[in-house]
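*Asks:* Make a model of this:
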Amino acid sequence: MGSKMHMPGWVGRRERDALNLPGSVLLRTGRSIGVTVVGMSGGGCRVECKEPIPIGATVRLDLGVAFAEAEVRWALSGAAGLQFLSS
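*Replies:* Coordinates of the predicted model:
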């Protein structure tokens, strides 16, 4: 039985790769928040963090060797979802 059951209102998501990449999120205010990227897809990523990241904020995700501009789409205690912005 390989079919998946979905609840009403279910929004499908792209396939994501599981990761454990340390980095930081830089807010436009200049404040930097340490994060760990734990999942990534072509359109965004999920990060774990110890500080809240404001929903709707435009941020710069810095992984040391690469960076990306993103918008915070959701945030819960200890985690946030970032959607990559095209330049």
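
*Asks:* buried stuff in whichever helix or strand Glu69 is part of?
*Replies:* Here Glu69 sits within strand 67-76, counting by DSSP states H and E. Within strand 67-76, the residues that count as buried by 16 or more other C-beta atoms under 10 Å are 70, 72, 75. For the C-beta atoms, the positions are set from N, CA and C on the backbone; glycine is no exception.

*Asks:* Now do it: which elements does it pack against?
*Replies:* When contacts are defined as 3 or more C-beta pairs under 8 Å, 6 or more residues apart in numbering; DSSP states H and E, strand 67-76 packs onto strand 44-49, strand 58-62, strand 79-84.

*Asks:* Identify whichever of the ones you listed lies nearest to Arg28.
*Replies:* When these are ranked by proximity to Arg28, the top entry is strand 58-62, at 6.4 Å, counting by C-beta to C-beta.

*Asks:* The closest one versus strand 44-49: what angle between them?
*Replies:* Note on geometry: by axes from the mean of the first three to the mean of the last three C-alpha atoms, to 10 degrees, strand 58-62 and strand 44-49 are set 80 degrees apart in direction.

*Asks:* and the angle for strand 58-62 with strand 79-84?
*Replies:* Going by the same axes, to 10 degrees, strand 58-62 makes 100 degrees with strand 79-84.
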